[in-house]
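> The sequence and its predicted three-dimensional model are supplied below.
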Amino acid sequence: MTVDGHAPATSASTLPLGGIGVSPGRAAGRVALMAPRPRLPEDRPESGDVEAETQAATEALAWTADDLEVRARAAPMPRAAEVLEATAMMARDPSLEEAIRSEIANGAPAAWAIERAMEVFRAMLLELGGYMAERAADLDDVSDRAIARLLGRPMPGIPERDAPFVLVADDLAPADTVTLSPERVLALVTVRGGPTSHTAILARSLGLPAVVACAAAASLREGELVEVDGGTGEIRTGITPGDAAETNRSEQLRRAAHAASHGPGRTSDGHPVALLLNIGDAAGAAAVAAVDAEGVGLFRTEFLYLDRSDAPSVDEQAALYADVFEAVAGRKIVVRTLDAGADKPLPFLNQEREPNPALGLRGLRIARRAPEVLTDQLAALALARQKTGADVWAMAPMVATPAEAKWFTDLAREHGLPVAGVMVEIPAAALRARELLEHADFLSIGTNDLAQYTLAADRMAGDLADLLDPWQPALLELVRITAEAGRAAGKSVGVCGEAAASPALAPVLVGLGVTSLSMSAAAVAEVRDSLAAVTLAECREMARDALAGRRSN
Ligand code: PEP
Ligand code: MG
C-alpha cells in the first residue's frame, strides 16, 4: 500500500513503528504526506481536437521544465541544481515531444499520450541499464508533474506547509531528495528505500533524521504527531504536543553539545584516530575546515563526470582537481581514481551491457580495457598536485590481488604521485592485506562494497538491509584482518564506507585497529564525541563483543 492521504487511520498508540534508521538524530512534528503519483482515470475519454490536445500536452511539459528550472535556481546545493536541470532537459527533449504528438495523432488525449510516450522512453532507458536506467526515476518525475498539471491534481513532490514537518513518502525521486531542506523538513520517513539508497545518503549529508523501509509508515495520517528516531529506526505515534516539544528540545541540546566539538579525533586516553571527509567536488572539500576534519579520506572523482558522454581531457581534469585541492587548504586529500561501473556507471566508459555489472568491469578493472582513461587521470592529478602543492594520496578502487596493487601503485608513482594506496572492497583483498601492503603505502576499507561482496547481497537492495548491516561479524572480521596487516607493516588503514559515519560503530572499528575514519561532514562531530567518550581498551573490548555478534549500541 502506498502513502496516499486516504490510508486508514491508526488508533492512538505509543508503540513504535519499525524501519531502518539511516541518519541519526531525533525529531518530532506533524506528518506531511507526499502527494501520491497522479493516476489516470480508469476510463479513457475520447480524444478531443488533435491540435488542442497537442497544445495542452506541450504546455504541460513546458510548464514542468520551467518549474524544475526555477527549483534548480533555488536549490540549496550545486548537486541539487544539476539534477533538477538535467530533469528539466528531459522535459524539453524534442524527441519526447515528437513521440507525444504521434500518440495524440493516433487518438490519445494529452495526459494519456504523455504516459504512453514516457513508458516507451522509460523502457529504452531501462534496456540501456546502469546510469541510464537510474534516470528512469527522473523521467517518471517529469511524467507525473506534467500529468498532474493536465488533470489539475496536487503536484507530487515535497509538500508546502506553514510549519516544518515530518515528511512521509512512499519513496523519494532523486529530484525530490535534492530539494529537501532542513529548514522545512524535520525528519524523513519512507515506506521503501534501502540503507545505501540516494535518499539515505542525502539525508545523512543534510544531517536530517531519516528512517527508510518502514512499511508501517503507510498508515500514518496527514497532520498526525510523531517522533522519529533516525538512529534506531523507530517512529513513535500517539505522542502529545508536550512530548514533541520535549524531544525537540533535548535534540537541540544534543546537537549544540556536538557543534562545540572540534580538534583531532582521539579516544579519551589520547589514542589518535584521523577524522576525514568523503567528498565529490570542491564544495564538499570546503567543508573540511568547517567541521575541522583532518583532510579528505575519499574524493569520489567519478561524481564529477556522471553526466559526461565523452571522456574529459587531461587539462580539463587537472583544472577541476586543482579547484578541489585548493579548497582542502593544505590538509591531506585521498583521491580515488574513477570507480565507474555497477551502481555508478559513466556514460563514456560503461556502454556495454554486462550480465552482472557489480562483478564485472568496474573500478580499476576498467583499465584492462581502457588504460588511457587511468593514465590520463593520473597525469591530471599529478599536474594539479604540482600546481597546488597539495598533499595528494592516490588510491585505486576495486583492487582484488597484490599484483593489481603493485601495478597501480607503480603506475601512480611513475606519473609523479609519490603516495599510492588501494581500497579494500573485495574479500580477497582483505585476506591478502599483508601482501597488498608490500606495494601500497596505505589501505582504505570500503565497507559498502566489502559488505556487498562478503554477504553476497546487492547493496542497492533494500530488502537485504540486514545482510548489509556493517555490524555483521563476518564483515568486521575482514576489517580486523586488514587493520592487523596495517599495524604489522606500520602503515595506515582507514575506513571510508558508510560504517565510518556511525557513532556507535566507530569505537568498534578503532578497537579492530583502524587508524582513520572518513565520512560525510554531518557525521564528524558525533563520531568525534563518541570516540572521546571511550578508552582504547574499551574500544578493543567493544570490538571483541562485535566480532562475537554482540552489539554495543
Ligand atoms: C565503499 O564501497 O564502501 C566505498 C566507500 O565506495 P563507494 O561507496 O563509492 O562504492
Ligand atoms: Mg566501493
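Sure thing, it's come through. If you're wondering where the values come from, they're calculated on a predicted model, not measured in any experiment. Ligands and ions are numbered 1, 2, ... in the order given.
> do you know how far the single nearest residue of the stretch 451-553 of the chain relative to ligand 2 is from residue 512?
Nearest residue of the stretch 451-553 of the chain to ligand 2: residue 497, at 7.0 Å (Cβ to the ion). Any C-beta I mention is one placed from the backbone N, CA and C, and that applies to glycine too. Counting by Cβ to Cβ, to the nearest Å, the separation of residue 497 from residue 512 is 14 Å.
> Verify the contact between the residue of the stretch 451-553 of the chain closest to ligand 2 and residue 452 for me.
No: counting by Cβ atoms under 8 Å, residue 497 does not reach residue 452; the two are 10.0 Å apart.
> Report the mean confidence score over the top helix by length along the chain.
The longest helix of the chain (DSSP state H) is helix 50-73. Averaging pLDDT along helix 50-73 yields 92.
> got a list of contacts for the helix or strand following it?
Moving toward the C-terminus from helix 50-73, the next helix or strand (DSSP states H and E) is helix 78-91. Outside helix 78-91, the residues within contact range by Cβ atoms under 8 Å, 6 or more residues apart in numbering are 61-62, 64-66, 68-69, 71-73, 75, 96, 135, 138-139, 141-142, 146, 174-175, 178-179, 280-281, 283, 307.
> which among the residues you listed end up buried?
Buried members of the contacts of helix 78-91, counted by 16 or more other Cβ atoms under 10 Å: 61, 64-65, 68-69, 71-72, 75, 96, 135, 138-139, 141-142, 146, 174-175, 178-179, 280-281.
> burial of the closest residue to the residue of the stretch 451-553 of the chain closest to ligand 2 other than its chain neighbours, as a residue count?
Counting by Cβ to Cβ, 6 or more residues apart in numbering, residue 497 lies nearest to residue 447, which is 3.0 Å off, once chain neighbours are set aside. Residues near residue 447, counting by other Cβ atoms under 10 Å, number 26.
> Which residues are in contact with residue 447?
By Cβ under 8 Å, 6+ apart, residue 447 lies in contact with 470, 475, 479, 495, 497, 498, 499, 500.
> Filter these down to the buried ones, PyMOL style.
Applied in PyMOL, the following selects the buried portion of the contacts of residue 447 according to 16+ other Cβ under 10 Å:
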select buried, resi 470+475+479+495+497+498+499+500
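> helices and strands around the longest helix of the chain, which ones?
Counting contacts by 3 or more Cβ pairs under 8 Å, 6 or more residues apart in numbering; DSSP states H and E, helix 50-73 is packed against helix 78-91, helix 94-105, helix 110-128, helix 136-151.
> avg pLDDT for the longest one?
Averaging the model's pLDDT scores along helix 110-128 yields 90.
> Now do stretch 51-68: distance to the chain's middle.
Chain-centre distance of stretch 51-68: 32 Å, with Cα atoms, centre = their mean, to the nearest Å.
> Give the buried residues for the helix or strand residue 372 falls within.
Using DSSP H and E, residue 372 falls within helix 371-388. Going by neighbour count (16+ other Cβ under 10 Å), the buried part of helix 371-388 is 373-374, 376-385, 388.
> do the same with stretch 364-372
Under the neighbour-count criterion of 16+ other Cβ under 10 Å, stretch 364-372 has 364, 365, 366, 367, 370 buried.
> Which of the residues you listed sits closest to ligand 2?
Ligand 2 lies nearest to residue 364 out of the buried residues of stretch 364-372, by Cβ to the ion, at 11.3 Å.
> returning to what we had before: could you restrict the contacts of residue 447 to the ones contacting ligand 1?
When contact is defined as Cβ under 6 Å from any ligand atom, these meet ligand 1 at residue 497.
> and the contacts of residue 447, which of them are in helices?
475, 479.
> Would you format the contacts of residue 447 as a markdown table with pLDDT and distance to residue 118 included?
Shown next, in a markdown table, are the contacts of residue 447 (pLDDT from 0 to 100; distance: Cβ to Cβ, whole Å):
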| residue | pLDDT | distance to residue 118 |
| --- | --- | --- |
| 470 | 92 | 38 |
| 475 | 98 | 40 |
| 479 | 98 | 44 |
| 495 | 98 | 41 |
| 497 | 91 | 36 |
| 498 | 87 | 33 |
| 499 | 92 | 38 |
| 500 | 94 | 40 |
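> Just confirm residue 211 is within a helix.
No: with DSSP: H, G, I helix; E, B strand; the rest coil as the criterion, residue 211 is assigned strand and is not in a helix.
> okay, now residue 44: neighbour count?
12.
> Spit out the contact partners of it.
Residues near residue 44 by Cβ under 8 Å, 6+ apart: 108, 109, 112.
> Would you agree it falls within a strand?
No: assessed with three-state DSSP, residue 44 is coil; it does not lie in a strand.
> quick one: it from residue 55, how far?
Residue 44 is 19 Å from residue 55, by Cβ to Cβ.
> just residue 228 next, same as before
Applying Cβ to Cβ to residue 228 and residue 55 gives a distance of 45 Å.
> So these two - more neighbours on which side?
Remark: of residue 228 and residue 55, residue 228 carries more neighbours, 34 against 13, as counted by other Cβ under 10 Å.
> Surely the more buried one touches residue 27?
Yes: between residue 228 and residue 27 there is a contact at 5.5 Å, judged by Cβ under 8 Å.
> what do these two both touch?
With Cβ under 8 Å, 6+ apart, residue 228 and residue 27 have common neighbours 166, 186, 187, 209.
> got the contact list for the nearest residue to residue 479 once chain neighbours are set aside?
Leaving aside its chain neighbours, residue 479 sits nearest to residue 512 (5.1 Å; criterion: Cβ to Cβ, 6+ apart). The contact partners of residue 512, by Cβ under 8 Å, 6+ apart, come to 476, 479, 480, 483, 543, 547.
> Doesn't residue 252 lie inside a strand?
No: the assignment for residue 252, made by three-state DSSP, is helix rather than a strand.
> Return the per-residue confidence for it.
pLDDT, residue 252: 91.
> same deal with residue 85?
pLDDT recorded at residue 85 is 87.
> circling back to that earlier point, any chance of the contacts of residue 512 in JSON lines with distance to residue 191 as columns?
Shown next, in JSON lines, are those (distance: Cβ to Cβ, whole Å):
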{"residue": "476", "distance to residue 191": "30"}
{"residue": "479", "distance to residue 191": "32"}
{"residue": "480", "distance to residue 191": "36"}
{"residue": "483", "distance to residue 191": "38"}
{"residue": "543", "distance to residue 191": "35"}
{"residue": "547", "distance to residue 191": "34"}
